[in-house]
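1. here is the input, now give the coordinates:
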Amino acid sequence: MSEHHTRAELFRSLHTPGSPLVLVNAWDAASARVVAAAGAPAVATTSAGVAWSLGAPDGDILGRDAAVDLVRRITASVPLPVTADIESGYGATPAEVGVTVRAVLDAGAVGVNIEDARREGGPSLRDVPDQCARIGAVRGAADDAGLPLFVNARIDTFLAGAGDVAETLARATAYLAAGADGIFVPGVVDPVTIRALVQAVPAPLNVLAGPGAPSVGDLARLGVARVSLGSSIAQAAYAVARRAADEALGAGTYGALADALDYGTLNALMR
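-> Below is the predicted model of the structure:
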């Protein structure tokens, strides 16, 4: 069995309801190594952080080649399973989504997030049959490669304000039938709603956490199998840059830098 296949099996095994996989999303090789050094069992990318670091906005703007190149850099930088946020697949058709997934697999990823948001002409949700075809293309590409890729289907009903629990569950049922392994519902932090989703979705449930969300322990007790921090880590890092710039250019002081990671520590992680 190849190392790639072994990592894919390991990543799949980490999705345990009640003992969630916690993903502190990275956006470059350095952030991936920092997360790995903290003891993370796996690394996930954040499409927003990746796009921002490369000078593009989030939302299917970056493009396949740049996104895949970044995944390759991250998988080469850590000895851990890596799951890639591929937004809606970097392709207009299911066949093009399959091309993306084959490239991501070649880059060393063992999981993908694929969302049902449609960015063109303003945020909306793809029709269910269309999204199912795209998920099917993801599954097909992984099967052709002989890799047990973990396909995490992101449902943006709550983020887009385009549905409720019933709509979310209907989409989850369809996406699982199309080949998804897990369901990701960002925008939900209410414990009652999370519990309802856990009880109704027959697959690992992933939620997006951050300030104001239940703790990892509370999410575990609700039965969540995966907790993602998403773009919030990158946002916090860029907030430090903004505060440091405002302070240095304003008061002429440097307090925003007081809690910086030690240079030697960070440099050693890059060796």
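2. from here on, just use CA atoms for contacts and neighbour counts.
-> OK.
3. now the strands: where do they sit in the stretch 101-250 of the chain?
-> The residue ranges that make up the strands of the stretch 101-250 of the chain, judged by DSSP state E, counting those that start in this stretch, are 111-115, 117-118, 124-125, 150-154, 182-184, 205-208, 226-228.
4. give me the angle between the fourth one and strand 111-115.
-> Looking back up the chat, that one is strand 150-154. Strand 150-154 and strand 111-115 meet at an angle of 20 degrees, taking axes from the mean of the first three to the mean of the last three CA atoms, to 10 degrees as the criterion.
5. how far off centre is strand 150-154?
-> Distance, stretch centre to chain centre, for strand 150-154: 9 Å (CA atoms, centre = their mean, to the nearest Å).
6. before we move on, what about the second one?
-> From the chain centre to the centre of strand 117-118 is a distance of 16 Å (CA atoms, centre = their mean).
7. tell me which strands and helices that strand is in contact with?
-> Here strand 117-118 is seen to pack against strand 124-125 when contacts are counted using 3 or more CA pairs under 8 Å, 6 or more residues apart in numbering; DSSP states H and E.
8. please report phi then psi for the residue nearest the centre of the chain.
-> For the chain, the residue sitting closest to the mean C-alpha position, by CA atoms, centre = their mean, is Asp85 at 4.6 Å. Main-chain torsions, Asp85, degrees, to the nearest 10: phi -80, psi 110.
9. which one is it nearest to, not counting chain neighbours?
-> The shortest distance from Asp85 to any residue that is not its chain neighbour, by CA to CA, 6 or more residues apart in numbering, is 4.7 Å, and that residue is Asn113.
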